[in-house]
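Enquirer: I'd like to go over a predicted model; first the sequence, then the structure.
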Amino acid sequence: MDNIPVITIDGPSGSGKGTLSQQLAKHLHWHFLDSGSLYRILALAAGQHLISFSDEQALANLAKTLAVEFLTQELGDTPRVLLDTQDVTHAIRTESCGNRASSIAVFQKVRQALLERQRAFKKPPGLVTDGRDMGTIIFPDAVLKIYLDASVEERAKRRHKQLLEKDIHTSFDVVKAQLIKRDQRDKTRSIAPLNPASDAIIMDTTGMTIETVFNKIIALTKKIPGV
Ligand code: DC
């Protein structure tokens, strides 16, 4: 056992977990793990290596050998992502890459191959993580587990806005339909499905600004001894 604190933020796409976990890591000057990016990088790499998205073993082998680097200037910064020295920071953010990531995330061998890679992010002074199974599987001993949710309509609006800001143009209806499909897959897969840990604090962020949710999360972190 070590005493490096971990705060996990899980939830479906568009729940605000990406933005909030990143802001929290920056605020605390802790390390940051965007676990979804690993599934996205693997999906991108599989495409480049012409590996079938249904070949569990080949995907797991690739996951073990992926040469990934997350480059940051300061603790908590949004990392630049390098795959085999190629900058894939933007390439992994498309909806199609997110959907492929969700498809390959159903495989036990793939999840197992990425497990230690995720745990290796836990370093002093602490770690904030964002994902689907952070509080349930990867960091069950986290000092604070938050599960963010919001209505489908609101999450689709947030996602759509985020994509437009990144200059990725897709219609709202397409974004909403894809989000529903992805949630369905992430929640119903048999291995590590998206659901709140039994000791997670569940927050419905529908109608709340990021700032309001952030302040609520900060209030929760203040209750953790030593943070
Ligand atoms: O958080 P995200 O949208 O970047 O994640 C992309 C996909 O990766 C998500 O739809 C399911 C998968 N994923 C997962 O299975 N477990 C995680 N901890 C994070 C992401």
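Expert: Cool, the structure landed.

Enquirer: OK, now which residue of this protein is nearest to the ligand?
Expert: The ligand sits closest to residue 36 of the chain, with a gap of 2.4 Å, by CB to the nearest ligand atom. Where you see a C-beta, it was placed from the backbone N, CA and C, and this is true even at glycine.

Enquirer: Determine the set of other helices and strands touching the helix or strand hosting that residue.
Expert: Of the helices and strands defined by DSSP states H and E, residue 36 is found in helix 35-48. Packed against helix 35-48, as judged by 3 or more CB pairs under 8 Å, 6 or more residues apart in numbering; DSSP states H and E, are the following elements: helix 56-65, strand 68-71, strand 80-83, helix 95-104, helix 108-119, strand 127-131.

Enquirer: go with 6 Å
Expert: Here helix 35-48 touches helix 56-65, helix 95-104, going by 3 or more CB pairs under 6 Å, 6 or more residues apart in numbering; DSSP states H and E.

Enquirer: can you pull the contacts of the residue of the chain closest to the ligand?
Expert: residue 131 (CB atoms under 6 Å, 6 or more residues apart in numbering).

Enquirer: Buried residues, the helix holding residue 36. List them.
Expert: For helix 35-48, a neighbour-count test (16 or more other CB atoms under 10 Å) marks 35, 36, 37, 38, 39, 40, 41, 42, 43, 44, 45, 46 as buried.

Enquirer: got the contact list for the fourth one?
Expert: Residue 38 is in contact with residue 114, counting by CB under 6 Å, 6+ apart.

Enquirer: hmm, back to that, could I get the buried residues of helix 35-48 as CSV with distance to residue 18 and pLDDT?
Expert: Putting the buried residues of helix 35-48 into CSV (distance: CB to CB, whole Å; pLDDT from 0 to 100) gives the following:
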residue, distance to residue 18, pLDDT
35, 11, 98
36, 8, 97
37, 9, 97
38, 14, 98
39, 13, 98
40, 12, 98
41, 15, 98
42, 18, 98
43, 17, 98
44, 18, 98
45, 21, 98
46, 22, 98
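
Enquirer: Can you tell me which residues in this protein are near the ligand?
Expert: Counting by CB under 6 Å from any ligand atom, the chain comes close to the ligand at 13, 35-36, 39-40, 98, 101-102, 105, 131-134, 182, 186.
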